[in-house]
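Visitor: Provide a 3D model corresponding to the input given below.
(one chain, ligands or ions: 2)
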Amino acid sequence: MRSFALVSALAAVSAVQAGPTKRASITSVTTKGNAFFVGDDRFYIRGVDYQPGGSAANVDPLADKKICEPDIEKFKKLGVNVVRVYSTDNSLDHTDCMNALSDAGIYVVLDANNPLYSINRENPGPSYNAAYLQSVFATIDAFIKFDNTLGFFSGNEVIHDNKSTTLAARYVKATTRDMRQYIRARGYRHALVGYSAADVTDNRMQTAAYFNCGTDDERSDFFAFNDYSWCSSDFVTSGWDKKVQSFSGYGLPIFLSEYGCNANVRDFGEVNALMSDKMTSVYSGGLLYEYTYEENKYGIVNITTGRANLAGPRVELDEFAAFAKALKNNPAPTGTGGYNPSATSQPCPTKDTNWIVETTLLPALPDGAKKFLTEGAGKGPGLKGAGSQNAGGSSTTDAAPGSGTSGVTAGAAAGTSSKAAGVSLMAPLDKAPFIISGIVAFFTLAGAFAL
Ligand SMILES: *[C@@H]1O[C@H](CO)[C@@H](O)[C@H](O)[C@H]1NC(C)=O
Ligand SMILES: *[C@@H]1O[C@H](CO)[C@@H](O)[C@H](O)[C@H]1NC(C)=O
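Guide: Ligands and ions are numbered 1, 2, ... in the order given. The predicted model follows:
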(Lines give C-alpha, C1' and ligand atoms only; values in the text may rest on other atoms or scores of the structure.)
(Ligands and ions follow the chains in the order given, each with its own letter.)
Protein backbone atom coordinates (compact mmCIF):
# COMPACT_ATOMS: atom_id res chain seq x y z
CA MET A 1 0.00 0.00 0.00
CA ARG A 2 2.73 2.29 1.03
CA SER A 3 4.72 1.85 -2.15
CA PHE A 4 1.55 2.13 -4.21
CA ALA A 5 0.80 5.43 -2.51
CA LEU A 6 4.30 6.63 -3.29
CA VAL A 7 4.01 5.62 -6.92
CA SER A 8 0.64 7.40 -7.19
CA ALA A 9 2.07 10.49 -5.59
CA LEU A 10 4.97 10.49 -8.05
CA ALA A 11 2.56 9.95 -10.92
CA ALA A 12 0.50 12.86 -9.68
CA VAL A 13 3.56 15.10 -9.51
CA SER A 14 4.66 14.27 -13.03
CA ALA A 15 1.09 14.69 -14.24
CA VAL A 16 1.04 18.18 -12.79
CA GLN A 17 4.37 18.99 -14.39
CA ALA A 18 3.36 17.64 -17.77
CA GLY A 19 -0.22 18.86 -17.53
CA PRO A 20 -0.61 22.52 -18.43
CA THR A 21 1.04 22.94 -21.78
CA LYS A 22 2.78 26.25 -22.24
CA ARG A 23 0.50 28.60 -24.14
CA ALA A 24 1.74 29.95 -27.41
CA SER A 25 1.78 33.69 -26.93
CA ILE A 26 -0.05 36.15 -29.12
CA THR A 27 1.32 39.63 -29.70
CA SER A 28 -1.05 42.46 -28.85
CA VAL A 29 -2.17 44.88 -31.55
CA THR A 30 -0.74 48.41 -31.44
CA THR A 31 -1.11 51.50 -33.62
CA LYS A 32 1.35 53.63 -35.54
CA GLY A 33 0.06 56.63 -37.49
CA ASN A 34 -3.19 55.60 -39.15
CA ALA A 35 -2.58 51.85 -39.06
CA PHE A 36 -2.63 48.82 -36.76
CA PHE A 37 0.48 46.76 -36.17
CA VAL A 38 1.44 43.41 -34.69
CA GLY A 39 5.12 43.81 -34.00
CA ASP A 40 6.58 45.38 -37.14
CA ASP A 41 3.90 44.04 -39.43
CA ARG A 42 0.85 45.99 -40.48
CA PHE A 43 -2.32 44.38 -39.20
CA TYR A 44 -5.66 44.28 -41.02
CA ILE A 45 -8.94 43.37 -39.40
CA ARG A 46 -10.46 40.44 -41.33
CA GLY A 47 -13.23 39.64 -38.98
CA VAL A 48 -16.82 38.93 -38.15
CA ASP A 49 -19.34 40.37 -35.68
CA TYR A 50 -20.22 37.77 -33.07
CA GLN A 51 -23.54 38.14 -31.30
CA PRO A 52 -25.23 34.73 -30.90
CA GLY A 53 -28.92 35.17 -30.14
CA GLY A 54 -28.84 38.72 -31.47
CA SER A 55 -29.07 41.91 -29.47
CA ALA A 56 -32.30 40.78 -27.83
CA ALA A 57 -30.57 37.80 -26.18
CA ASN A 58 -27.85 40.05 -24.68
CA VAL A 59 -25.79 36.93 -23.96
CA ASP A 60 -22.05 36.92 -23.34
CA PRO A 61 -20.71 34.21 -25.66
CA LEU A 62 -17.21 34.46 -24.18
CA ALA A 63 -18.31 33.37 -20.72
CA ASP A 64 -19.53 29.93 -21.82
CA LYS A 65 -17.24 27.55 -23.61
CA LYS A 66 -20.20 25.47 -24.74
CA ILE A 67 -21.07 28.46 -26.92
CA CYS A 68 -17.66 29.78 -27.93
CA GLU A 69 -15.84 26.53 -28.60
CA PRO A 70 -17.95 25.32 -31.54
CA ASP A 71 -17.88 28.85 -32.93
CA ILE A 72 -14.10 29.10 -32.68
CA GLU A 73 -13.90 26.00 -34.87
CA LYS A 74 -16.04 27.86 -37.43
CA PHE A 75 -13.93 31.01 -37.08
CA LYS A 76 -10.82 28.96 -37.88
CA LYS A 77 -12.54 27.46 -40.90
CA LEU A 78 -13.54 30.95 -42.09
CA GLY A 79 -10.03 32.29 -41.55
CA VAL A 80 -11.03 35.37 -39.55
CA ASN A 81 -8.51 37.06 -37.27
CA VAL A 82 -10.82 39.31 -35.19
CA VAL A 83 -14.30 38.98 -33.71
CA ARG A 84 -16.37 41.82 -32.32
CA VAL A 85 -18.41 40.88 -29.27
CA TYR A 86 -21.31 43.17 -28.31
CA SER A 87 -22.40 41.70 -24.99
CA THR A 88 -19.92 40.76 -22.32
CA ASP A 89 -20.61 40.19 -18.64
CA ASN A 90 -17.92 41.85 -16.55
CA SER A 91 -18.80 39.77 -13.49
CA LEU A 92 -17.86 36.49 -15.18
CA ASP A 93 -14.63 34.71 -16.08
CA HIS A 94 -13.60 34.57 -19.74
CA THR A 95 -10.38 32.59 -19.53
CA ASP A 96 -11.49 29.49 -21.45
CA CYS A 97 -12.91 31.30 -24.46
CA MET A 98 -10.25 34.02 -24.60
CA ASN A 99 -7.45 31.45 -24.44
CA ALA A 100 -9.11 29.27 -27.07
CA LEU A 101 -9.41 32.31 -29.33
CA SER A 102 -5.80 33.20 -28.67
CA ASP A 103 -4.71 29.67 -29.56
CA ALA A 104 -6.58 30.15 -32.84
CA GLY A 105 -4.76 33.46 -33.47
CA ILE A 106 -7.99 35.44 -33.08
CA TYR A 107 -8.26 38.87 -31.44
CA VAL A 108 -11.35 40.33 -29.80
CA VAL A 109 -12.70 43.88 -29.93
CA LEU A 110 -15.60 44.39 -27.59
CA ASP A 111 -18.24 46.90 -26.63
CA ALA A 112 -17.59 48.24 -23.14
CA ASN A 113 -21.24 49.13 -22.64
CA ASN A 114 -24.50 47.20 -22.75
CA PRO A 115 -28.20 48.10 -22.71
CA LEU A 116 -28.32 48.68 -18.94
CA TYR A 117 -24.94 50.38 -18.56
CA SER A 118 -24.61 52.89 -21.34
CA ILE A 119 -24.93 56.51 -22.42
CA ASN A 120 -28.55 57.46 -23.14
CA ARG A 121 -28.44 59.32 -26.43
CA GLU A 122 -31.71 61.13 -25.62
CA ASN A 123 -30.50 62.44 -22.28
CA PRO A 124 -26.75 61.90 -22.24
CA GLY A 125 -25.59 64.16 -19.38
CA PRO A 126 -27.17 62.27 -16.47
CA SER A 127 -26.20 58.89 -17.94
CA TYR A 128 -22.49 59.82 -17.89
CA ASN A 129 -22.02 58.95 -14.24
CA ALA A 130 -19.94 56.96 -11.78
CA ALA A 131 -22.09 53.81 -11.94
CA TYR A 132 -21.74 53.76 -15.72
CA LEU A 133 -17.98 54.21 -15.60
CA GLN A 134 -17.65 51.55 -12.90
CA SER A 135 -19.22 49.05 -15.31
CA VAL A 136 -17.08 50.22 -18.24
CA PHE A 137 -13.88 50.04 -16.19
CA ALA A 138 -14.83 46.60 -14.81
CA THR A 139 -15.14 45.42 -18.43
CA ILE A 140 -11.61 46.66 -19.06
CA ASP A 141 -10.43 44.77 -15.95
CA ALA A 142 -12.15 41.62 -17.18
CA PHE A 143 -10.51 41.60 -20.62
CA ILE A 144 -7.28 43.56 -20.73
CA LYS A 145 -5.38 40.69 -19.11
CA PHE A 146 -5.78 38.74 -22.33
CA ASP A 147 -3.19 39.74 -24.92
CA ASN A 148 -5.67 38.99 -27.71
CA THR A 149 -8.02 41.74 -26.54
CA LEU A 150 -7.44 44.16 -29.41
CA GLY A 151 -9.47 46.90 -27.80
CA PHE A 152 -12.75 48.34 -26.68
CA PHE A 153 -15.58 50.33 -28.20
CA SER A 154 -16.54 53.29 -26.03
CA GLY A 155 -19.94 53.45 -27.71
CA ASN A 156 -21.92 52.08 -30.64
CA GLU A 157 -24.05 54.29 -32.89
CA VAL A 158 -24.90 56.65 -30.05
CA ILE A 159 -24.89 59.51 -32.56
CA HIS A 160 -27.63 58.93 -35.12
CA ASP A 161 -29.31 60.79 -37.95
CA ASN A 162 -31.32 62.92 -35.52
CA LYS A 163 -29.05 65.93 -35.12
CA SER A 164 -29.91 66.28 -31.44
CA THR A 165 -28.01 63.03 -30.88
CA THR A 166 -24.78 64.84 -31.80
CA LEU A 167 -25.08 66.33 -28.31
CA ALA A 168 -24.26 62.86 -26.95
CA ALA A 169 -20.86 62.98 -28.66
CA ARG A 170 -19.23 64.83 -25.73
CA TYR A 171 -20.19 62.05 -23.33
CA VAL A 172 -18.98 59.27 -25.59
CA LYS A 173 -15.72 61.13 -26.10
CA ALA A 174 -15.39 61.69 -22.35
CA THR A 175 -15.94 57.95 -21.87
CA THR A 176 -13.19 57.28 -24.41
CA ARG A 177 -10.84 59.63 -22.56
CA ASP A 178 -11.71 58.02 -19.21
CA MET A 179 -11.17 54.49 -20.50
CA ARG A 180 -7.76 55.41 -21.83
CA GLN A 181 -6.91 57.18 -18.59
CA TYR A 182 -8.08 54.19 -16.56
CA ILE A 183 -5.85 51.87 -18.60
CA ARG A 184 -2.83 54.12 -17.91
CA ALA A 185 -3.70 54.70 -14.26
CA ARG A 186 -4.02 50.96 -13.59
CA GLY A 187 -0.65 50.30 -15.25
CA TYR A 188 -2.20 48.08 -17.91
CA ARG A 189 -0.78 47.50 -21.36
CA HIS A 190 -2.05 49.88 -24.01
CA ALA A 191 -5.22 48.22 -25.33
CA LEU A 192 -6.99 50.36 -27.92
CA VAL A 193 -10.14 52.42 -27.36
CA GLY A 194 -12.38 53.97 -30.02
CA TYR A 195 -15.95 54.63 -31.08
CA SER A 196 -18.13 52.61 -33.46
CA ALA A 197 -20.19 55.12 -35.45
CA ALA A 198 -23.36 54.85 -37.49
CA ASP A 199 -22.71 55.80 -41.10
CA VAL A 200 -24.74 59.01 -41.31
CA THR A 201 -24.05 61.20 -44.33
CA ASP A 202 -24.95 64.39 -42.46
CA ASN A 203 -22.44 63.92 -39.65
CA ARG A 204 -20.01 61.20 -40.74
CA MET A 205 -17.02 63.50 -41.20
CA GLN A 206 -17.78 65.69 -38.18
CA THR A 207 -18.02 62.61 -35.99
CA ALA A 208 -14.70 61.29 -37.30
CA ALA A 209 -13.05 64.67 -36.79
CA TYR A 210 -14.50 65.02 -33.30
CA PHE A 211 -12.94 61.76 -32.11
CA ASN A 212 -9.56 62.81 -33.50
CA CYS A 213 -9.42 66.41 -32.28
CA GLY A 214 -8.08 68.05 -29.15
CA THR A 215 -5.33 66.99 -26.80
CA ASP A 216 -3.88 63.50 -27.08
CA ASP A 217 -5.63 62.26 -23.95
CA GLU A 218 -8.97 63.18 -25.52
CA ARG A 219 -8.38 61.53 -28.91
CA SER A 220 -9.26 57.91 -29.70
CA ASP A 221 -6.89 55.14 -30.67
CA PHE A 222 -8.98 54.32 -33.74
CA PHE A 223 -12.23 55.27 -35.49
CA ALA A 224 -14.71 52.66 -36.71
CA PHE A 225 -18.04 52.88 -38.46
CA ASN A 226 -20.83 50.58 -39.58
CA ASP A 227 -21.20 50.76 -43.35
CA TYR A 228 -24.06 49.09 -45.25
CA SER A 229 -23.69 51.02 -48.48
CA TRP A 230 -22.03 48.22 -50.51
CA CYS A 231 -24.97 46.06 -51.58
CA SER A 232 -23.25 43.38 -53.69
CA SER A 233 -22.13 46.18 -55.97
CA ASP A 234 -18.68 47.64 -56.47
CA PHE A 235 -16.22 50.23 -55.17
CA VAL A 236 -17.69 53.15 -57.11
CA THR A 237 -21.42 52.30 -57.03
CA SER A 238 -21.23 51.84 -53.26
CA GLY A 239 -19.63 55.25 -52.86
CA TRP A 240 -16.66 53.71 -51.08
CA ASP A 241 -14.32 55.51 -53.48
CA LYS A 242 -15.66 58.85 -52.22
CA LYS A 243 -15.34 57.77 -48.61
CA VAL A 244 -11.69 56.82 -49.10
CA GLN A 245 -11.13 60.29 -50.58
CA SER A 246 -12.94 61.97 -47.67
CA PHE A 247 -10.97 60.04 -45.08
CA SER A 248 -7.58 60.35 -46.75
CA GLY A 249 -5.24 62.17 -44.39
CA TYR A 250 -7.33 61.16 -41.39
CA GLY A 251 -5.13 60.74 -38.33
CA LEU A 252 -6.33 57.48 -36.79
CA PRO A 253 -6.63 53.89 -37.98
CA ILE A 254 -10.09 53.34 -39.53
CA PHE A 255 -11.98 50.11 -39.93
CA LEU A 256 -15.54 49.03 -40.59
CA SER A 257 -17.01 47.73 -37.34
CA GLU A 258 -19.92 46.32 -39.38
CA TYR A 259 -20.35 45.81 -43.11
CA GLY A 260 -22.42 43.51 -45.30
CA CYS A 261 -25.59 44.99 -46.82
CA ASN A 262 -27.91 42.05 -47.50
CA ALA A 263 -30.33 43.67 -49.92
CA ASN A 264 -28.98 41.24 -52.55
CA VAL A 265 -27.35 37.81 -52.33
CA ARG A 266 -23.98 38.61 -50.86
CA ASP A 267 -20.72 37.89 -52.68
CA PHE A 268 -18.55 39.79 -50.16
CA GLY A 269 -16.76 41.88 -52.76
CA GLU A 270 -16.12 44.24 -49.87
CA VAL A 271 -13.23 42.01 -48.81
CA ASN A 272 -11.50 42.47 -52.15
CA ALA A 273 -11.83 46.24 -51.89
CA LEU A 274 -10.75 46.42 -48.25
CA MET A 275 -7.61 44.39 -48.95
CA SER A 276 -6.71 46.30 -52.12
CA ASP A 277 -4.46 49.32 -52.51
CA LYS A 278 -7.58 51.33 -53.32
CA MET A 279 -8.30 51.34 -49.57
CA THR A 280 -5.32 50.20 -47.49
CA SER A 281 -3.69 53.60 -47.20
CA VAL A 282 -6.77 54.77 -45.28
CA TYR A 283 -8.65 51.69 -44.02
CA SER A 284 -7.44 48.71 -41.99
CA GLY A 285 -10.08 46.13 -42.83
CA GLY A 286 -13.46 45.40 -41.31
CA LEU A 287 -15.90 43.06 -39.64
CA LEU A 288 -18.70 41.29 -41.48
CA TYR A 289 -22.13 41.65 -39.90
CA GLU A 290 -22.64 38.97 -38.73
CA TYR A 291 -21.82 35.42 -37.68
CA THR A 292 -25.15 33.99 -36.47
CA TYR A 293 -28.39 34.14 -38.40
CA GLU A 294 -31.03 36.12 -36.50
CA GLU A 295 -34.36 37.79 -37.34
CA ASN A 296 -32.54 40.50 -39.27
CA LYS A 297 -31.22 37.83 -41.69
CA TYR A 298 -27.55 38.82 -41.75
CA GLY A 299 -25.97 35.65 -40.36
CA ILE A 300 -23.85 33.02 -42.07
CA VAL A 301 -24.30 30.28 -39.44
CA ASN A 302 -27.61 29.00 -38.12
CA ILE A 303 -27.77 27.86 -34.49
CA THR A 304 -30.69 25.55 -35.14
CA THR A 305 -31.88 25.50 -31.53
CA GLY A 306 -32.13 29.30 -31.58
CA ARG A 307 -32.07 31.51 -28.54
CA ALA A 308 -33.44 28.71 -26.36
CA ASN A 309 -30.11 26.89 -26.55
CA LEU A 310 -27.18 28.84 -27.96
CA ALA A 311 -24.93 25.82 -27.48
CA GLY A 312 -26.95 23.84 -30.02
CA PRO A 313 -25.88 22.56 -33.45
CA ARG A 314 -24.37 25.02 -35.92
CA VAL A 315 -25.29 24.81 -39.60
CA GLU A 316 -23.23 26.70 -42.17
CA LEU A 317 -25.46 28.68 -44.52
CA ASP A 318 -24.43 29.25 -48.16
CA GLU A 319 -22.86 32.59 -47.32
CA PHE A 320 -20.45 30.89 -44.93
CA ALA A 321 -18.51 29.31 -47.78
CA ALA A 322 -18.80 32.50 -49.85
CA PHE A 323 -17.29 34.60 -47.07
CA ALA A 324 -14.53 32.05 -46.40
CA LYS A 325 -13.72 32.11 -50.12
CA ALA A 326 -13.62 35.91 -50.19
CA LEU A 327 -11.14 35.92 -47.31
CA LYS A 328 -9.05 33.18 -48.89
CA ASN A 329 -8.95 34.87 -52.30
CA ASN A 330 -8.06 38.25 -50.82
CA PRO A 331 -5.25 37.81 -48.32
CA ALA A 332 -3.98 40.71 -46.25
CA PRO A 333 -1.47 42.67 -48.33
CA THR A 334 2.18 42.52 -47.39
CA GLY A 335 4.23 45.68 -46.94
CA THR A 336 3.00 48.96 -45.54
CA GLY A 337 -0.19 49.29 -47.58
CA GLY A 338 0.70 52.95 -48.02
CA TYR A 339 -0.26 53.92 -44.45
CA ASN A 340 0.65 57.32 -43.04
CA PRO A 341 3.13 56.91 -40.17
CA SER A 342 2.89 60.52 -39.04
CA ALA A 343 -0.87 60.97 -38.85
CA THR A 344 -1.93 63.56 -36.27
CA SER A 345 -4.88 65.29 -34.67
CA GLN A 346 -7.08 67.77 -36.54
CA PRO A 347 -9.31 70.73 -35.68
CA CYS A 348 -12.60 69.95 -33.93
CA PRO A 349 -15.75 70.35 -36.05
CA THR A 350 -17.54 73.64 -35.61
CA LYS A 351 -21.22 73.97 -34.88
CA ASP A 352 -23.52 73.94 -37.90
CA THR A 353 -27.03 72.77 -38.79
CA ASN A 354 -26.09 69.08 -38.58
CA TRP A 355 -23.54 69.19 -35.78
CA ILE A 356 -24.97 71.15 -32.88
CA VAL A 357 -22.23 70.59 -30.30
CA GLU A 358 -21.46 74.03 -28.82
CA THR A 359 -18.10 73.42 -27.17
CA THR A 360 -14.96 71.37 -27.60
CA LEU A 361 -14.68 71.01 -23.82
CA LEU A 362 -15.54 67.59 -22.41
CA PRO A 363 -17.37 66.89 -19.17
CA ALA A 364 -14.99 66.10 -16.31
CA LEU A 365 -14.70 62.63 -14.87
CA PRO A 366 -17.55 62.44 -12.32
CA ASP A 367 -16.27 62.83 -8.76
CA GLY A 368 -17.56 59.43 -7.74
CA ALA A 369 -15.52 57.75 -10.49
CA LYS A 370 -12.15 59.24 -9.55
CA LYS A 371 -11.45 56.59 -6.96
CA PHE A 372 -11.54 53.86 -9.61
CA LEU A 373 -8.31 55.22 -11.08
CA THR A 374 -6.43 54.50 -7.88
CA GLU A 375 -8.41 51.65 -6.38
CA GLY A 376 -9.67 49.82 -9.45
CA ALA A 377 -13.29 49.39 -10.47
CA GLY A 378 -14.12 46.44 -8.21
CA LYS A 379 -16.66 43.81 -9.17
CA GLY A 380 -18.61 44.56 -12.31
CA PRO A 381 -22.41 44.58 -12.28
CA GLY A 382 -22.66 42.20 -15.23
CA LEU A 383 -25.54 42.47 -17.68
CA LYS A 384 -28.20 42.75 -14.99
CA GLY A 385 -28.84 44.89 -11.94
CA ALA A 386 -30.21 48.36 -11.52
CA GLY A 387 -28.58 49.83 -14.62
CA SER A 388 -26.71 53.11 -14.66
CA GLN A 389 -28.59 55.57 -16.84
CA ASN A 390 -30.44 57.22 -13.95
CA ALA A 391 -28.01 56.34 -11.19
CA GLY A 392 -27.06 59.89 -10.28
CA GLY A 393 -23.46 60.94 -9.64
CA SER A 394 -23.00 62.50 -13.06
CA SER A 395 -20.38 65.04 -14.05
CA THR A 396 -20.93 68.57 -12.76
CA THR A 397 -18.25 70.51 -14.61
CA ASP A 398 -16.10 70.54 -17.74
CA ALA A 399 -12.51 69.32 -17.75
CA ALA A 400 -9.44 71.25 -18.82
CA PRO A 401 -8.16 69.68 -22.06
CA GLY A 402 -5.17 67.48 -21.23
CA SER A 403 -6.26 66.80 -17.67
CA GLY A 404 -6.81 63.16 -18.51
CA THR A 405 -3.05 62.59 -18.77
CA SER A 406 -2.48 63.04 -15.05
CA GLY A 407 -4.26 64.64 -12.11
CA VAL A 408 -5.42 61.41 -10.53
CA THR A 409 -7.00 62.41 -7.23
CA ALA A 410 -7.59 59.64 -4.76
CA GLY A 411 -10.51 59.23 -2.42
CA ALA A 412 -12.93 61.59 -4.10
CA ALA A 413 -16.54 61.73 -2.95
CA ALA A 414 -18.58 58.65 -3.72
CA GLY A 415 -21.21 58.85 -6.42
CA THR A 416 -24.81 59.14 -5.32
CA SER A 417 -25.77 55.85 -6.88
CA SER A 418 -28.48 55.34 -4.26
CA LYS A 419 -30.75 57.24 -6.61
CA ALA A 420 -30.83 54.17 -8.83
CA ALA A 421 -34.36 53.25 -7.80
CA GLY A 422 -36.98 53.55 -10.49
CA VAL A 423 -34.69 53.14 -13.47
CA SER A 424 -36.56 53.87 -16.64
CA LEU A 425 -34.47 52.98 -19.60
CA MET A 426 -34.60 55.27 -22.52
CA ALA A 427 -33.04 54.39 -25.81
CA PRO A 428 -30.52 51.71 -24.91
CA LEU A 429 -27.76 51.44 -27.45
CA ASP A 430 -28.82 49.57 -30.53
CA LYS A 431 -26.83 46.51 -31.39
CA ALA A 432 -28.57 45.89 -34.66
CA PRO A 433 -27.56 47.65 -37.85
CA PHE A 434 -28.73 51.17 -38.26
CA ILE A 435 -28.96 51.81 -41.94
CA ILE A 436 -29.31 55.15 -43.59
CA SER A 437 -30.21 54.35 -47.12
CA GLY A 438 -30.37 56.74 -49.99
CA ILE A 439 -33.86 55.44 -50.70
CA VAL A 440 -35.17 56.48 -47.31
CA ALA A 441 -33.54 59.89 -47.66
CA PHE A 442 -35.11 60.26 -51.10
CA PHE A 443 -38.62 59.40 -49.92
CA THR A 444 -38.32 61.66 -46.92
CA LEU A 445 -37.38 64.48 -49.21
CA ALA A 446 -40.06 63.60 -51.76
CA GLY A 447 -42.58 63.40 -48.94
CA ALA A 448 -41.60 66.85 -47.77
CA PHE A 449 -42.09 68.25 -51.27
CA ALA A 450 -45.43 66.47 -51.63
CA LEU A 451 -46.67 68.43 -48.65
C1 LIG B 1 -34.72 63.87 -32.03
O2 LIG B 1 -34.24 63.69 -30.71
C3 LIG B 1 -34.84 64.55 -29.75
C4 LIG B 1 -34.12 64.37 -28.43
O5 LIG B 1 -34.03 63.04 -28.09
C6 LIG B 1 -36.33 64.25 -29.68
O7 LIG B 1 -36.94 65.12 -28.76
C8 LIG B 1 -36.95 64.42 -31.06
O9 LIG B 1 -38.29 64.01 -31.02
C10 LIG B 1 -36.21 63.60 -32.09
N11 LIG B 1 -36.69 63.90 -33.41
C12 LIG B 1 -37.07 62.98 -34.28
C13 LIG B 1 -37.52 63.45 -35.62
O14 LIG B 1 -37.02 61.77 -34.02
C1 LIG C 1 -32.27 27.53 -38.78
O2 LIG C 1 -32.64 26.30 -38.17
C3 LIG C 1 -34.01 26.21 -37.80
C4 LIG C 1 -34.19 24.88 -37.09
O5 LIG C 1 -33.82 23.80 -37.93
C6 LIG C 1 -34.86 26.31 -39.05
O7 LIG C 1 -36.23 26.28 -38.67
C8 LIG C 1 -34.56 27.64 -39.75
O9 LIG C 1 -35.30 27.72 -40.94
C10 LIG C 1 -33.07 27.71 -40.04
N11 LIG C 1 -32.76 29.00 -40.65
C12 LIG C 1 -32.08 29.11 -41.79
C13 LIG C 1 -31.85 30.48 -42.29
O14 LIG C 1 -31.63 28.16 -42.40
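
Visitor: in the stretch 251-400 of the chain, which spans are strands?
Guide: 254-259, 283-288, 301-303, 314-316 (DSSP state E, counting those that start in this stretch).

Visitor: Need these in CSV (columns: mean pLDDT).
Guide: Below are the strands of the stretch 251-400 of the chain laid out as CSV (pLDDT from 0 to 100):
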stretch, mean pLDDT
strand 254-259, 98
strand 283-288, 98
strand 301-303, 98
strand 314-316, 98
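
Visitor: Ligand 1 is nearest to which of the ones you listed?
Guide: strand 254-259 (22.4 Å; C-beta to the nearest ligand atom). (Each C-beta comes from the backbone N, C-alpha and C, glycine too.)

Visitor: Neighbouring strands of that closest one in the sheet, and parallel or not?
Guide: When pairing is defined by DSSP bridges, strand 254-259 lines up against strand 222-227 (parallel), strand 283-288 (parallel).

Visitor: before we move on, back to that, possible to save the strands of the stretch 251-400 of the chain as CSV with mean neighbour count and distance to ligand 2?
Guide: Below are the strands of the stretch 251-400 of the chain laid out as CSV (neighbours: other C-beta atoms under 10 Å; distance: least, C-beta to the nearest ligand atom, whole Å):
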stretch, mean neighbour count, distance to ligand 2
strand 254-259, 26, 20
strand 283-288, 27, 16
strand 301-303, 21, 4
strand 314-316, 15, 6
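
Visitor: would TSV of those strands with distance to residue 141 be doable?
Guide: Putting the strands of the stretch 251-400 of the chain into TSV (distance: least, C-beta to C-beta, whole Å) gives the following:
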stretch	distance to residue 141
strand 254-259	23
strand 283-288	24
strand 301-303	30
strand 314-316	31
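
Visitor: With residue 68 as the reference, name the closest of the strands paired with strand 254-259.
Guide: Residue 68 lies closest to strand 283-288 among the strands paired with strand 254-259, at 16.9 Å (C-beta to C-beta).

Visitor: Quick check: residue 367 touching residue 396?
Guide: Yes - Residue 367 lies in contact with residue 396 (C-beta atoms under 8 Å); the separation is 7.4 Å.

Visitor: Show me whatever sits in contact with both of the two.
Guide: With contacts taken as C-beta atoms under 8 Å, 6 or more residues apart in numbering, not a single residue reaches both residue 367 and residue 396.

Visitor: For those two, indicate the residue with more neighbours.
Guide: Legend: neighbour count by other C-beta atoms under 10 Å for residue 367 and residue 396, higher for residue 367 (19 against 10).

Visitor: For stretch 259-274, buried residues please.
Guide: 259, 260, 261, 262, 266, 268, 269, 270, 271, 272, 273, 274 (16 or more other C-beta atoms under 10 Å).

Visitor: An error on my part: the question was meant for stretch 149-165.
Guide: 149-161, 163, 165.

Visitor: Take the strands paired with strand 254-259 and write them to JSON lines, including distance to residue 39.
Guide: What follows is the strands paired with strand 254-259, written out as JSON lines (distance: least, C-beta to C-beta, whole Å):
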{"stretch": "strand 222-227", "distance to residue 39": "18"}
{"stretch": "strand 283-288", "distance to residue 39": "15"}
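
Visitor: So for residue 170, which of those strands sits nearest?
Guide: Among the strands paired with strand 254-259, strand 222-227 comes nearest to residue 170, with 16.4 Å by C-beta to C-beta.

Visitor: Quick one: classify residue 154 as helix, strand or coil.
Guide: At residue 154 the chain is in strand, as set by DSSP: H, G, I helix; E, B strand; the rest coil.

Visitor: now the strands paired with strand 254-259 in JSON lines, with distance to ligand 1?
Guide: Below are the strands paired with strand 254-259 laid out as JSON lines (distance: least, C-beta to the nearest ligand atom, whole Å):
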{"stretch": "strand 222-227", "distance to ligand 1": "19"}
{"stretch": "strand 283-288", "distance to ligand 1": "28"}
